[in-house]
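**Q** Here is the input, now give the coordinates:
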Amino acid sequence: MMYTCQYCERDAESAHSITVYEEDGREKEFQVLCGSCYQEWLLSLKG
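**A** Residues are numbered from 1 along each chain as shown. Coordinates of the predicted model:
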């Protein structure tokens, strides 16, 4: 199965799904990211 990264729009055979939440805890959006974009997203959480 192929996935399309919602950040870079590249096709990938595997993907990571993340849920983004509002500050009050409500679900804002669901995203599918390729491995590279997921790694960048994780590093951004470290600050």
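**Q** where along this protein do the helices fall?
**A** For the chain, the helices defined by DSSP state H occupy 35-46.
**Q** For the chain, which residue occupies the most central location?
**A** By C-alpha atoms, centre = their mean, the chain has its centre lying nearest to Leu33, at 3.8 Å.
**Q** Pull the contacting residues for that one.
**A** For Leu33, the contact set (C-beta atoms under 8 Å, 6 or more residues apart in numbering) comprises 5-7, 15-18, 41. C-betas here are computed from N, CA, C, even on glycine.
**Q** Which pLDDT does the model give Gly47?
**A** For Gly47, the pLDDT comes out at 73.
**Q** do the same with Leu43
**A** Leu43 is assigned 95 on the pLDDT scale.
**Q** give me the number of residues near it?
**A** A total of 9 residues lie near Leu43 under the criterion other C-beta atoms under 10 Å.
**Q** circling back to that earlier point, output the contacts of Leu33 as CSV; include the columns neighbour count and distance to Asp24.
**A** Below are the contacts of Leu33 laid out as CSV (neighbours: other C-beta atoms under 10 Å; distance: C-beta to C-beta, whole Å):
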residue, neighbour count, distance to Asp24
Cys5, 19, 28
Gln6, 16, 23
Tyr7, 14, 24
Ala15, 19, 28
His16, 17, 25
Ser17, 11, 22
Ile18, 14, 18
Trp41, 15, 21
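**Q** quick one on the thing from earlier: now the residue nearest to the centre of the chain: how far from Ser44?
**A** To Ser44, Leu33 is 12 Å away according to C-beta to C-beta, to the nearest Å.
**Q** One more: Asp11?
**A** Distance, Asp11 to Ser44, using C-beta to C-beta: 23 Å.
**Q** Just list the residues touching Gln6, thanks.
**A** Counting by C-beta under 8 Å, 6+ apart, Gln6 makes contact with 31-33.
**Q** Can you give me the distance of Thr19 to Gln6?
**A** 12 Å.
**Q** Are there residues contacting both of those two? Which ones?
**A** Counting by C-beta under 8 Å, 6+ apart, the residues touching both Thr19 and Gln6 are Gln31.
**Q** tell me the contacts of the residue lying closest to Cys5 once chain neighbours are set aside?
**A** Distance criterion C-beta to C-beta, 6 or more residues apart in numbering; nearest residue to Cys5, sequence neighbours excluded, is Cys34 at 3.9 Å. Neighbouring residues of Cys34 by C-beta under 8 Å, 6+ apart: 3, 5, 7-8, 10, 12, 15-16.
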